[in-house]
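Student: 3D model of this:
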Amino acid sequence: MEISEYIKRTRVTYEDFSDIAKDYSHVGSFAYWPSALESKNGRLPSNDYDAEQYYQRAIGDPQFFDQYLAGHLTKGVVFLGYNFGIKTAEAKSKSIEQMAQDHKVAPFTNQHNPSQTGKSIFPYFSPDSPVCGAYCTDFLKFLPKDSHSDQYEMTGAPTPVATDLDNYIEKHPGMIAANIAGLETELKKGLGVPDTFILVLMHANLVSFIPSLKKSFPNALIYQKYPHYRAFTTGYEDFPAMMKKPVQELTTSITNYIKDLPEDAL
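Tutor: Prediction:
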């Protein structure tokens, strides 16, 4: 299949966007920064059109979506992180429920908060790349309602350090299955991914879940090697250069995968 055809057939519609906004905007986002090209130093400009505000204004406004986001978002590629990362101070001052509510009030801030964009996924994907506009979400989003519950709530599982979740997982053996099922619902029913979508893993801990992910998404390409955060020792000005090789490798793998797909794969 031609790359351009795959991109065309997997574009996010306003209906897709509305479904994600309704249930997942506090944990999801898209790898498209409308104002990124205005920036010279790896950070988005601080004005009324920071990327998160494009997404927030498009909720309930199909004309705004059509003008600024339509044709730029894809459900053919999904970036999967481990859980919602937060600062230590926020974790100490707020409960998980409070933090989840904060993100519901300010949707699509994951990856698009101006203070984080310069060190997150990378706001300079080529507009004609199959990864530009990919959906971004995390694997661990559902935490047990209480210490003895087998019922789970979609809080985003925010922690400063990913290993903070190990204790949850150890005490709640059903947690992984709950999050696998939740991810499947989010991507298939919420976003509407095709069977042959590309799932890009962005955390080493996710590798151990590949067998379960393959059961849920048997025809997807699962890519394992993509980093997504600027190290504290890497300056903003060095980040684009640091990401150049991973972006090229990811794009090459996805391009080869799509080219091998039959025309009727979508």
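Student: okay but Thr255 is in contact with Asp128, surely?
Tutor: No: in this structure Thr255 lies outside contact range of Asp128 using CB atoms under 8 Å: 11.1 Å. Quick note: C-beta positions are derived from backbone N, CA and C, even for glycine.
Student: which regions of the stretch 101-250 of the chain sit below the pLDDT cut-off?
Tutor: In the prediction, the stretch 101-250 of the chain carries residues with pLDDT under 70 at positions 101-107, 109-124, 143-164, 228-236.
Student: Would you map the helices across it?
Tutor: With DSSP state H, counting those that start in this stretch, the ranges of helices along the stretch 101-250 of the chain come out as 114-117, 166-171, 175-184, 210-216, 239-259.
Student: between these, which one is nearest to Asp138?
Tutor: Closest to Asp138 of the helices of the stretch 101-250 of the chain is helix 175-184 (CB to CB; 8.9 Å).
Student: Strands of the chain, start to end?
Tutor: Assigned strands in the chain, in chain order: 29-30, 74-81, 134-138, 142-144, 152-154, 198-201, 221-223 (criterion: DSSP state E).
Student: count of neighbours near Val247?
Tutor: 18 (other CB atoms under 10 Å).
Student: and what of Ala134?
Tutor: Counted by other CB under 10 Å, the residues lying close to Ala134 total 26.
Student: Was I right to think it contacts Ser29?
Tutor: No: between Ala134 and Ser29 no contact is recorded; they are 9.8 Å apart, counting by CB under 8 Å.
Student: Show the end-to-end separation of stretch 199-207, please.
Tutor: With CA to CA, to the nearest Å applied, stretch 199-207 spans 12 Å between its terminal residues.
Student: So what touches it?
Tutor: Residues external to stretch 199-207 that are found in contact with it (CB atoms under 8 Å, 6 or more residues apart in numbering): 77-82, 131, 134, 139, 162, 210, 213, 217, 220-224, 226-228, 250.
Student: buried stuff in that stretch?
Tutor: When neighbours are counted by 16 or more other CB atoms under 10 Å, the buried residues of stretch 199-207 are found to be 199-203, 205-206.
Student: between these, which is nearest Ile3?
Tutor: For those, the residue nearest Ile3 by CB to CB is Val200; the value is 16.3 Å.
Student: Any idea what that closest one is bridged to?
Tutor: Bridge pairing for Val200 (DSSP bridges) gives the partners Phe79, Tyr223.
Student: Neighbour count for Thr255 and Asp128, which is higher?
Tutor: More neighbours surround Thr255 than the other of Thr255 and Asp128, with 15 against 9 (other CB under 10 Å).
Student: For the more buried one, which non-adjacent residue is closest in space?
Tutor: Distances taken as CB to CB, 6 or more residues apart in numbering place Ile3 nearest to Thr255, at 5.9 Å, with adjacent residues excluded.
Student: from what I can see that neighbour touches Ile258, true?
Tutor: Yes: at 5.6 Å, Ile3 counts as touching Ile258 under the criterion of CB under 8 Å.
Student: Identify the contacts common to those two.
Tutor: Taking CB under 8 Å, 6+ apart as the contact definition, Ile3 and Ile258 share the neighbouring residues Pro130.
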